[in-house]
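Asker: Next one to model:
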Amino acid sequence: MTETETTQNDPNHIETDYEVGQDNVNLFGLDIHNPVFMVSGLSIIVFVLITLMFQAEATDFFGWLRPFLTSTFDWFFLSAANIFVIFCLILMITPLGGIRLGGKDASAEYSYLGWFAMLFAAGMGIGLMFFGVSEPMSHYGSAIGGTSVENGVRTDWAPLGAAAADHAEALKLGMAATIFHWALHPWAIYAVVALSLAFFTFNRGLPLTLRSAFHPILGERVWGWPGHVIDTLAVFATLFGLATSLGFGTEQALAGFNFLFGWGTGNMAKVILITFITALALISVLRGLDGGVKILSEINIGIAALLLLFIIVVGPTATIFATIWDGSIAYLTELVPLSMPFGREDSNFTQGWTSFYWAWWISWSPFVGMFIARVSKGRTVREFVFCVIIIPTLVTMVWMGAFGGTAIAQVFADATAPVKDAALELKLFEMLKPLPLTAISSFVGIILVLVFFVTSSDSGSLVIDTITAGGKTDAPVSQRVFWCSFEGLVAATLLLVGGTEALTALQAMSVSTGFPFTIVLLFMCVSLFIGLKNALKD
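Answerer: You can find the predicted model right below:
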């Protein structure tokens with residue numbers, strides 16, 4: 001009996017007239033799901049062309065758009081993220097957590113190592129490499145040396161608004177703020193989308209696409225224009241979120257190569273690097289999920305673990321462990337104050353950092369969520385939530401404590417340490433410079449960025465391909481090749497012509513797609529709860 005037949009014989013299977021790919025059109029070897037493919041593809045092309053044709057106007061517009069959204073709706077982003085965390089924890093501790101994705105007899109398709117490696121690499125691999133040193137330093141510097149303190153209250157963007165009395169307090173506050181942006185809240189956002197897609201696909205027999213998660217609310221209307229809107233928005237969010245992270249990855253990898261070999265960071269170097277990485281991603285695409293993303297993710301998680309262990313051993317070991325412990329305790333202690341959407345004294349911090357991060361994670365959620373869902377069959381809801389939320393939070397505490405703690409220790413020992421004033425993309429390499437085996441560790445860091453780059457591009461292509469094919473997981477390979485190439489082309493073009501303004505535009509678009517998708521996720525929680533509750537009754 002095939003997997004499809006097994007699902008359809010399940011008493012919980014939803015009977016629907018919709019068939020995956022029923023309205024697809026084969027054009028030039030592409031299995032196109034109308035109108036999602038055409039609308040999303042053409043809209044993104046138009047966006048790129050307009051941005052490149054009117055760079056000055058686009059810069060002004062996007063320079064206005066991001067702060068407008070994050071300052072006007074900061075309360076909304078913070079409130080929604082809190083709801084996602086609470087919702088996931090409720091699922092984990094209630095009887096709903098015993099439901100198994102794929103049915104009672106389903107078994108996991110991947111080992112814990114392979115599963116965790118894939119979800120972590122897709123979730124925020126490049127981000128941890130780029131911000132692992134820079135963000136703890138930023139929050140630490142703001143907490144201890146900001147521009148102004150009035151009546152004991154910080155007037156800049158210091159976490160929680162309060163000025164730190166000394167180095168130890170500033171370090172705790174800086175680490176708490178950093179972990180806050182990379183731990184429970186972002187992974188809860190991913191978990192909501194991933195769990196919804198996995199449940200309605202594996203337990204209800206619906207297509208692996210965003211619209212399926214809304215069947216309990218919309219019924220058969222999910223196959224009409226409401227579903228088209230949801231899926232099209234998911235494509236926008238995925239591509240813009242992915243291109244933004246690929247932009248960060250390119251800048252950091254080039255900075256590393258220039259740091260080690262003096263290769264330069266000009267336009268030609270950017271084009272060559274993105275072309276090379278896209279070619280590697282295409283090879284991974286052709287090898288498929290098991291032969292491509294899975295292998296690369298496991299290799300990358302192993303290399304990342306070695307680099308982390310290296311820093312802990314040869315760096316200021318005692319200080320690192322103290323930073324990890326103190327930062328983690330401070331995060332748990334300050335979690336509620338940091339999460340409060342109202343009555344805050346640090347509005348610039350909530351708007352300039354937190355609300356932007358939450359919007360960015362939400363814009364990434366279709367991409368990461370769908371990818372995690374695809375590789376999570378056989379896990380119980382409780383097991384899923386624990387592994388997708390709690391374990392990454394623990395890893396984040398260790399990672400940020402090691403990388404950020406080492407850099408802060410260097411600056412505390414020497415106020416003129418190069419890492420202090422280095423560009424964001426160079427901070428990792430300047431932190432590694434005083435440590436032994438600088439050339440080797442820096443090269444390993446570059447390799448990590450590149451492989452995270454490849455896995456993100458490949459898994460992103462897989463997700464967009466699935467959405468635009470109406471939920472088909474076996475769409476033609478040529479279609480994944482198309483989207484992979486298209487992602488590289490968009491990133492290369494915008495970096496080549498627009499430079500930092502292009503990254504600003506992409507970040508603004510990530511936030512702008514994250515805002516409406518926040519509403520989508522809130523309704524997704526309602527839909528998932530209805531689905532799980534009905535499954536528990538059966």
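
Asker: Tell me how far Gly63 lies from Phe248.
Answerer: Using Cβ to Cβ, to the nearest Å, we find Gly63 at a distance of 18 Å from Phe248. All C-beta spots, glycine's among them, are computed from the backbone N, C-alpha and C.

Asker: Comparing these two, which residue is more hemmed in?
Answerer: The residue with more neighbours, out of Gly63 and Phe248 and counting by other Cβ atoms under 10 Å, is Phe248; that gives 21 against 14.

Asker: okay but the more buried one is in contact with Ile126, surely?
Answerer: Yes. Assessed by Cβ atoms under 8 Å, Phe248 is found in contact with Ile126 at 6.1 Å.

Asker: Nearest residue to Asp166 in space, please, no chain neighbours.
Answerer: Once its chain neighbours are removed from consideration, Asp166 has its nearest residue in Ile144; the separation is 7.8 Å (Cβ to Cβ, 6 or more residues apart in numbering).

Asker: Specify the local secondary structure of that neighbour.
Answerer: Classification of Ile144 by DSSP: H, G, I helix; E, B strand; the rest coil places it in helix.

Asker: mind checking pLDDT for it?
Answerer: On pLDDT, Ile144 comes in at 73.

Asker: Ok, Met175 next?
Answerer: In this prediction, Met175 carries a pLDDT score of 94.

Asker: could you list every residue that touches it?
Answerer: Taking Cβ atoms under 8 Å, 6 or more residues apart in numbering, we find Met175 in contact with 136, 139-140, 323, 326-328, 330-331, 400-401, 404-405.

Asker: Can you redo those as CSV, where the extra columns are neighbour count?
Answerer: Below are the contacts of Met175 laid out as CSV (neighbours: other Cβ atoms under 10 Å):
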residue, neighbour count
Pro136, 27
His139, 27
Tyr140, 27
Thr323, 26
Asp326, 18
Gly327, 26
Ser328, 22
Ala330, 22
Tyr331, 23
Met400, 28
Gly401, 27
Gly404, 31
Gly405, 28
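
Asker: Restricted to helices, list those residues.
Answerer: Among the contacts of Met175, the members found in helices (DSSP state H) are 136, 139-140, 323, 326-328, 330-331, 400-401, 404-405.

Asker: from these, which single one is nearest Asn203?
Answerer: Distances from those to Asn203 were compared by Cβ to Cβ; the smallest belongs to Tyr331, at 34.3 Å.

Asker: buried stuff in the helix or strand harbouring Ala269?
Answerer: Remark: Ala269 resides in helix 267-288, with elements defined by DSSP states H and E. For helix 267-288, a neighbour-count test (16 or more other Cβ atoms under 10 Å) marks Ala269, Lys270, Leu273, Ile274, Ile277, Thr278, Leu280, Ala281, Leu282, Ser284, Val285 as buried.

Asker: Which strands and helices lie in contact with that helix?
Answerer: helix 225-261, helix 438-468, helix 477-498 (3 or more Cβ pairs under 8 Å, 6 or more residues apart in numbering; DSSP states H and E).

Asker: tell me the angle of it relative to helix 438-468?
Answerer: Direction vectors for helix 267-288 and helix 438-468, defined by axes from the mean of the first three to the mean of the last three Cα atoms, to 10 degrees, enclose an angle of 60 degrees.

Asker: Not counting sequence-adjacent ones, nearest residue to Leu254?
Answerer: Leaving out its chain neighbours, the residue that sits closest to Leu254 by Cβ to Cβ, 6+ apart is Thr265, at 4.6 Å.

Asker: dump the residue contacts of the one you found.
Answerer: Under the criterion of Cβ under 8 Å, 6+ apart, the contact list for Thr265 reads Glu251, Leu254, Ala255, Asn258.

Asker: same thing but 7 Å
Answerer: Under the criterion of Cβ atoms under 7 Å, 6 or more residues apart in numbering, the contact list for Thr265 reads Leu254, Ala255, Asn258.

Asker: For stretch 362-369, list the C-alpha coordinates in PDB.
Answerer: Written as PDB, here are the backbone C-alpha positions of stretch 362-369 (Å, rounded to 0.1, in the frame of the first residue of the first chain):
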ATOM      1  CA  ILE A 362       7.600  35.600  10.500                       C
ATOM      2  CA  SER A 363       8.500  36.400   6.900                       C
ATOM      3  CA  TRP A 364      10.800  33.300   7.000                       C
ATOM      4  CA  SER A 365       8.300  31.100   8.600                       C
ATOM      5  CA  PRO A 366       6.700  29.700   5.400                       C
ATOM      6  CA  PHE A 367      10.100  28.700   4.200                       C
ATOM      7  CA  VAL A 368      11.500  27.200   7.400                       C
ATOM      8  CA  GLY A 369       8.100  25.900   8.500                       C
END
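
Asker: Now tell me what touches it from outside.
Answerer: The contact list for stretch 362-369, computed with Cβ under 7 Å, 6+ apart, reads 122-123, 189-190, 193-194, 197, 210, 234, 237-238, 240-242, 460, 463, 510-511, 513-514, 517-518, 521.

Asker: which of those count as buried?
Answerer: Applying 16+ other Cβ under 10 Å to the contacts of stretch 362-369, the neighbour count classes 122-123, 189-190, 193-194, 197, 210, 234, 237-238, 240-242, 460, 463, 510-511, 513-514, 517-518, 521 as buried.

Asker: Now Thr380: phi and psi?
Answerer: Backbone dihedrals for Thr380, given as degrees, to the nearest 10, come out at phi -80, psi 160.

Asker: Return the distance of it relative to Asp231.
Answerer: The gap separating Thr380 from Asp231 is 28 Å, by Cβ to Cβ.

Asker: Looking at the two, which has the bigger crowd around it?
Answerer: Taking other Cβ under 10 Å, Thr380 and Asp231 do not tie; Asp231 has more neighbours (28 against 17).

Asker: Could you pull up the residues touching the more buried one?
Answerer: Listed by Cβ under 7 Å, 6+ apart, the contact set of Asp231 reads Val36, Thr209, Leu210, Arg211, Ile467.

Asker: Alright, that wraps it up for me.
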